[in-house]
Structures are given as C-alpha cells and as structure tokens.
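> Sequence and predicted structure are below.
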Amino acid sequence: MPIYLYLDNSSVVHRLNPTVKVFALFIMFWSVYWVDHPLALLPLGLLMVAMAQLTGSWPNFYRLRWLFILLIFFTTLAWMVFYRKGPALINTRIIHLSRASLMFGLGRGLKLAELLATSVLFLSTTKVEEFTAGLQRLGVPYRVGFAITLSFRLVPLFIDSALTVVQAQSLRGYEFNRGGPLERVKRYVPVVIPVFMGALRKANNMAMALEARGFGISAVPTSYIDYPIDTRDRVAFAALTGLGVVYFLIYYMGYGAISVN
Amino acid sequence: MHELRLMWRNTRMVVLCAISAALYAAVLVPFKVVPLIPGVTELRPANAIPVVCSFLFGPAAAWGAAIGNMIGDFFGGVGPGDIFGFFANLFYGYIPYKAWSIIARGQSPISRSPMNIAKYIAVCLAASVLCADLVGWGDNLLGFRPFSILGNVIIFNNMLSALFLSPLILIGVYPRVRAGRMLYRDVMPELVERSRARQVTGLAILVVGEVGAWVVGNLVSTGYWIPSFLPASFAQPPYDKSIAVMVSPLIVCAIAGTLMM
C-alpha cells in the first residue's frame, strides 16, 4: 500500500517554494472558513479542479474518492440532526430536513471536502523535506523539523517490519483473522512487540550517529538543499493574498451566508 | 510541562520522539480505511501506542503522539481542525505518564493490583477526555462539526484502545525497556519534578476543567442549555459562539492545570 501522496511531476505548483505552498494551505483554509453557502464555495471547488488538472493529481483524488463522497454525505446528514431551522419538509425527533438545514449541511460538507482537496493537492506536490523546510522558514525549530522528517522516513520501515512479522507468524500457523473485530485486533499485539523492540534497538545507534555528525551543535545548521524565492513565488504569493482578501470581503459584505427563510 | 521543552536538548529523546511518532503513524495509516463514523473518525487501534509510549518515553512520547497524528492526517488529508488534533494528541501522550507519576508515585504501570488498575483507568480517562475536549471544541469553534459528535466518539475510541490493547503491549514491552535502561527517567536523569502540592493542585484543576468542558460542550452544542446571559444570536446552530464563550475558559483551565503538573 503506498503511504504518501506525493507525485513526482514537474508542474509549476511542484516547483513553488515550500513556504509559499504552506501559505497556500493557510489561504485556502482562510477562504473556506468565511463562507457557508454552497454557491459561494463553488469557485474554490472549480479552482481545486483546475489545480488537480495542472498538477496531475487526479490519481490521488481517485484513490480518496470514497472519502470525499462519505465526508460530504455524512456531514450533510449530521447537520440535519443539529441544525433544526427553517420551514421543515420532514421533521422527526432525529432529522430536521428543511431547505436551510440541507444548504447548511451541504455547505459544511463541501467546506470539509474542499479542505481535504487542498491538502491532497499540497501533499501531491510537496516532498516531506520541502514541508519541513517550509515549517522551519516559518519559525519551527530545527530539531522539531528533524524529528518530523525522521518520523516520516521511519513509518514505511516499521510497516515493512510489521508485515515481515505477520508473514513469519502466519507461516508458523498463527491465525490473525480468527474471532470478532476486537479479538482480531488483539491478535496483532504480538506483532507490535517485536517491531517496538527492533525500533528501540535502533534508537541508541541512531542517537550516537547523529551526535557523531554534529547534530545539535548549532541551532541553525547549514543545509545541503536550498529553496530560493523567485518571481514565480512572488506572483503566487500575491495571487493567494488576493484570493484571501476577496473571500473575506464576500463575508464582510454579507454574501456567502445561508438565509434561514 | 517544562520537560516538553527540555527534551529537545537531548538527542536520544529526539530519536525516541521520532520512533514514537513513526510507530503511532505506522498503525494509524492502515486503519484510515476503516471509518467508525464516515467523514468523522476511523477505527483507531493505534491510539494504544501513545499511552504505551507515554509510560516508556514520557515527554518524547507526547511530541511523538502529536507528530504521529499529523503524519496520519497527511495520509487522509489535513485541515485547520488538525491543529487542534496536534495539541490534543500532545496532551493524550503527555497526561498518562505525568498523572501516573503523581497518583502512583514510581509504581510500575504493569502492576495488576486492583488499586493500580483503577489508577491506570483514571489516567487514561483523564488523557482521553482532554484530547476529546480539544478536538470537539476546536471543530465546533470553526463550525465544522458539533462538539457532541467528536467529543464523545474520541473518548470511546481512545478508551477502547487504552484499556484493551495498551496493557497487553505494555506487559510485553515495559520490562524489556526498563532492563535496557531506556525509560525516560534513565535517558533524561536531569529531569526535576515539581513540588508535590503543585502537581496535585494541577491535576485537580485539569480534571475540573476537562470534565466541565465535556459536560458544557455536550449541553451547549446540542442546544439543551444556552445560558440566559448570552445574546439571542449566540443561541443558534452551529453554536460556535456559545461554545467559544462557555467552553473556552474551561479548556484554558484544563491546560493551566496540565502546565502546573
């Protein structure tokens, strides 16, 4: 199973400075936050579609298609339970279906789907080291950034060693799929223990190797990879700021809200 | 909570943090495809890992839980609510060992006396409730989902893993880690505990704050109780403003208690 969403393409978005991409993530969250009406959210959705085409991210969207559908459906349903406003078409103790509750729920569902789409686009175009470089540029300490990068790198190793243990135990006749759901999960506990101990055996050596290479001597270490900011990044930054301002103005001028009647 | 800052100076703790995060994410990611409530949360047996790591690696496990959850979110998409998820998991990894050190004072977490089992349940519940409060409060504050959904599902999900899986892993791992002198007290002998009176007061404030936030969050987000002193405009779904006014002080109180411990 592939763990990461990164797609090795060479689109304009892929080549943007990591700090600009983290800023883009923030601006999309900001823009989506201010409006509730599905129609006001539609332009952002179309922007996502255009970006998915530009960056060649459709395989990731296809991979997560059920998550998008379920997210919109269940969020809409959940708000029909809690948003009990407007003239009701159906009104029971549990569900209050009105135009207002439907629009509100759909709006929330679309908001969450657009946030998910933003993150899929971000992850499809950004490597782990670019992400941590972006975070460090925004003030996250080097050691924290290093721990994040190291964790990302260790995940596939641990999953691989867990699969090896599962295969070895299966060969010895251990049945992982016997019993109910809780019993099945419990049967995986003997897999976790060797993976855990194997990881700890590495910890000491890893710490010594890091210190031997001068880890932690300087608070601002030098880096082999450099991410300069060029014209493309400045244009993207200006466009994103404009988008954020426009969506705030839509909210400020009273558009983008849902009318109860 | 000073150890959350101090641990970054210790290279072995940085490595243990990355290992905790990677182990958490390695179990979290495969279960992303098994939703408990679609679009809200998935089955999370991985929630056993932060509790286990907390007893072993202390502050490194707290940061590990936060980073591991972030990696898990990266697999299924990130959103502004994940910022609350980051801090919620930080506390979920921090409270078990810290509260245990206050109420069990040096006893082993794998001891099976009835009193120790009760203490173990209490520390897991304290960690789970604050984690659920933070995510539920944050998501309702942003108007995405009502507190009463996430605030309860997360407690259930966390307690299920912490009560049924964590003890099984701890029994297998704790004696080996202790024998290998890899417990956080062995790795960070420079750690100085605060005065007992201050720690007990902090724990009491934490419990009052988090239980209060959970009760008030549930009542306000379902519309069962809106205090009369709030303006009428606050008394309507998604109750984000009411949650901000009523639950935020209790969350601040719970965090202040945690800081004192």
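Received it, and whenever you're ready, just let me know what you need.
> Which residue ranges of chain A form helices?
A:18-34, A:38-55, A:58-63, A:65-82, A:99-125, A:128-137, A:142-171, A:181-187, A:189-212, A:231-252 (DSSP state H).
> Just say which of those is most tucked in.
helix A:99-125 (a mean of 23; mean count of other CB atoms under 10 Å in any protein chain shown). Where you see a C-beta, it was placed from the backbone N, CA and C, and this is true even at glycine.
> so how far is that one from its chain's centroid?
For helix A:99-125, the separation from the chain centroid amounts to 12 Å (computed by CA atoms, centre = their mean, to the nearest Å).
> how much space between the closest residue to residue B:8 other than its chain neighbours and residue A:114?
Spatial nearest neighbour of residue B:8, excluding adjacent residues (CB to CB, 6 or more residues apart in numbering or on different chains): residue A:143 at 4.8 Å. To residue A:114, residue A:143 is 34 Å away according to CB to CB, to the nearest Å.
> before we move on, the earlier item: local confidence estimate at the residue nearest to residue B:8?
pLDDT recorded at residue A:143 is 89.
> what does residue B:78 give?
69.
> Relative to residue A:141, how far out is residue B:203?
Counting by CB to CB, the gap from residue B:203 to residue A:141 is 29 Å.
> Compare the two and say which is more crowded by neighbours.
residue B:203 (21 against 13; other CB atoms under 10 Å in any protein chain shown).
> give me the element the more buried one is part of.
helix B:196-221 (DSSP states H and E).
> Is chain A within reach of that helix?
Yes - against chain A, helix B:196-221 shows contacts by CB under 8 Å from any CB of the partner chain at residue B:221.
> cool, stretch B:102-111 as well?
No - using CB under 8 Å from any CB, stretch B:102-111 never reaches chain A; the gap is at least 13.2 Å.
> where in the stretch 51-200 of chain B is pLDDT low?
B:76-79 (pLDDT under 70).
> The closest residue to residue B:138 other than its chain neighbours: what's it in contact with?
Closest residue to residue B:138 apart from its sequence neighbours, by CB to CB, 6+ apart: residue B:84 at 2.9 Å. Residues in contact with residue B:84 (CB atoms under 8 Å, 6 or more residues apart in numbering or on different chains) are B:134-135, B:137-139.
> of those, closest to chain A?
residue B:139 (9.9 Å; CB to the nearest CB).
> ok but the closest one is inside a strand, no?
No - with DSSP: H, G, I helix; E, B strand; the rest coil as the criterion, residue B:139 is assigned helix and is not in a strand.
> Model confidence for residue B:35, exactly?
64.
> Oops, could you answer that again for residue A:71 instead?
pLDDT, residue A:71: 84.
> Compute the distance between it and residue B:46, please.
Residue A:71 is 21 Å from residue B:46, by CB to CB.
> which regions of chain A lie under the pLDDT threshold?
Ranges of chain A meeting pLDDT under 70: A:1-3, A:219, A:260-261.
> now do 80
Within chain A, the stretches with pLDDT under 80 are A:1-4, A:82, A:84-86, A:177, A:179-186, A:216-226, A:256-261.
> And it, what are its domain boundaries?
A:18-133+A:228-252, A:142-212 (automatic domain parsing).
> Export those domains to JSON lines and append columns for distance to residue B:223.
Listed next are the domains of chain A as JSON lines, based on distance: least, CB to CB, whole Å:
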{"stretch": "domain A:18-133+A:228-252", "distance to residue B:223": "8"}
{"stretch": "domain A:142-212", "distance to residue B:223": "34"}
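> circling back: list the residues that contact the residue nearest to residue B:8.
A:216, B:8, B:14.
> if we can go back for a sec, can you verify the residue nearest to residue B:138 is assigned to a strand?
No - with three-state DSSP as the criterion, residue B:84 is located in helix rather than a strand.
> what about the strands in chain B?
B:35-37, B:41-42 (DSSP state E).
> just to revisit the earlier point, which of the contacts of residue A:143 are buried, as a PyMOL select command?
A single PyMOL command selects the buried members of these (16 or more other CB atoms under 10 Å in any protein chain shown):
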select buried, (chain A and resi 216) or (chain B and resi 8+14)
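> Relative to residue A:28, which of the contacts of residue A:143 is nearest.
Residue A:28 lies nearest to residue B:8 out of those, by CB to CB, at 30.7 Å.
> Quick check: that closest one touching residue B:14?
Yes - using CB atoms under 8 Å, residue B:8 and residue B:14 qualify as a contacting pair, with a distance of 6.5 Å.
> who's in contact with the closest residue to residue A:101 other than its chain neighbours?
Nearest residue to residue A:101, sequence neighbours excluded (CB to CB, 6+ apart): residue A:83, at 4.5 Å. For residue A:83, the contact set (CB under 8 Å, 6+ apart) comprises A:96, A:100-101, A:104-105, B:237-238.
> count of neighbours near residue A:230?
10.
> which ones are touching the residue nearest to it when sequence neighbours are not counted?
Leaving aside its chain neighbours, residue A:230 sits nearest to residue A:17 (7.8 Å; criterion: CB to CB, 6+ apart). Going by CB under 8 Å, 6+ apart, residue A:17 touches A:134, A:227-230, A:233.
> Could you report the neighbour count for residue B:26?
Neighbours of residue B:26 (other CB under 10 Å): 28.
> what does residue A:173 give?
6.
> which ones are touching it?
No residues are in contact with residue A:173 under the rule CB under 8 Å, 6+ apart.
> quick one: it and chain B, what's the gap?
Taking CB to the nearest CB, to the nearest Å as the measure, residue A:173 falls 20 Å from chain B.
> Contact partners for the closest residue in space to residue A:211 that isn't next to it in sequence?
Once flanking residues are discounted, residue A:211 sits nearest to residue B:11: 5.4 Å by CB to CB, 6+ apart. Residue B:11 makes contact with A:207, A:210-211, A:215-216 under the criterion CB under 8 Å, 6+ apart.
> Same question for residue B:183.
B:56-58, B:177.
> again, only using 10 Å
B:55-58, B:97, B:174, B:177 (CB atoms under 10 Å, 6 or more residues apart in numbering or on different chains).
> That one and residue B:201: what is the separation?
Counting by CB to CB, the gap from residue B:183 to residue B:201 is 26 Å.
> Which of the contacts of residue B:11 sits closest to chain B?
For those, the nearest to chain B is residue A:207 (4.3 Å; CB to the nearest CB).
> What sits closest to the closest one if chain neighbours are left out?
Spatial nearest neighbour of residue A:207, excluding adjacent residues (CB to CB, 6+ apart): residue B:12 at 4.3 Å.
> buried residues in stretch B:187-201?
Buried, per 16+ other CB under 10 Å, within stretch B:187-201: B:187-188, B:199.
> Restrict it to CA atoms and write it as PDB.
Presented in PDB, the C-alpha positions along stretch B:187-201 are these (Å, rounded to 0.1, in the frame of the first residue of the first chain):
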ATOM      1  CA  VAL B 187      17.500   8.800  29.300                       C
ATOM      2  CA  MET B 188      16.800  12.200  31.000                       C
ATOM      3  CA  PRO B 189      18.200  11.900  34.600                       C
ATOM      4  CA  GLU B 190      18.400  15.700  34.700                       C
ATOM      5  CA  LEU B 191      14.600  15.900  34.900                       C
ATOM      6  CA  VAL B 192      13.500  17.500  38.200                       C
ATOM      7  CA  GLU B 193       9.900  17.000  39.400                       C
ATOM      8  CA  ARG B 194       7.900  20.000  40.700                       C
ATOM      9  CA  SER B 195       6.700  20.100  44.300                       C
ATOM     10  CA  ARG B 196       4.000  17.500  45.100                       C
ATOM     11  CA  ALA B 197       1.500  20.100  46.300                       C
ATOM     12  CA  ARG B 198       1.800  22.000  43.000                       C
ATOM     13  CA  GLN B 199       1.400  18.800  40.900                       C
ATOM     14  CA  VAL B 200      -1.700  17.600  42.900                       C
ATOM     15  CA  THR B 201      -3.300  21.000  42.500                       C
END
